[in-house]
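Student: dropping the sequence and predicted coords here.
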Amino acid sequence: GRFMDLADPAELSKLRKMAWRAELHNWLRHPTKPKLFGGNIGIHRADYERINGYDENFRGWGCEDDDLRLRLRSVGVRIRSILRWTRTYHLWHPKSDTTPTKWKDGANVEYLLRANRTAYCENGLDKYLRGEASVSVSKWSRPAVRTSPAA
């Protein structure tokens, strides 16, 4: 469908500015930008496996995308924004109970800013590849992760 026709013009303008800013950061090879937004990303499988995917120690809202970006950069992966070529529109929904008023007050910020972050996270993708956890998705509910009991 033509869902972009339903978008607020001010929101579309904001997205265009973000896209051009991201292109500028790409061109300048900015060391920490553009940001990586988890709602619409593409990653080479080998790079994703090299850092063990998303760190599942993050709980609730925030910082997991920033962590993924930092770990990818630490192994030499260049982050490029796809905002210029895609149209991602975030649908409104009530805020989660875990969403802080200010980013710095978020429950995950301290974990994100820890000094001993490594590129390879300990609690990530490999447990699914080893069969120690599984994901089940039903048509009417959120995905459920089941972890096998420790041997």
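Tutor: Structure received. Numbering: from 1, shown residues only.

Student: can you list the buried residues in the strand or helix carrying A10?
Tutor: For A10, the host element (DSSP states H and E) is helix 9-28. Buried residues in helix 9-28, counted by 16 or more other C-beta atoms under 10 Å: L15, M18, A19, A22, H25, N26. Where C-beta positions appear, they are placed from N, C-alpha and C, glycine not excepted.

Student: tell me how many other residues surround S74.
Tutor: For S74, the neighbour count with other C-beta atoms under 10 Å is 13.

Student: swap in R73?
Tutor: 15.

Student: do you know the pLDDT at it?
Tutor: Listed pLDDT for R73 reads 91.

Student: cool, and K139?
Tutor: 66.

Student: before we move on, back to that, where's the helix holding A10 relative to the chain centroid, distance-wise?
Tutor: 18 Å (C-alpha atoms, centre = their mean, to the nearest Å).

Student: please apply the same query to stretch 71-84.
Tutor: Centroid displacement of stretch 71-84 relative to its chain, using C-alpha atoms, centre = their mean, is 12 Å.
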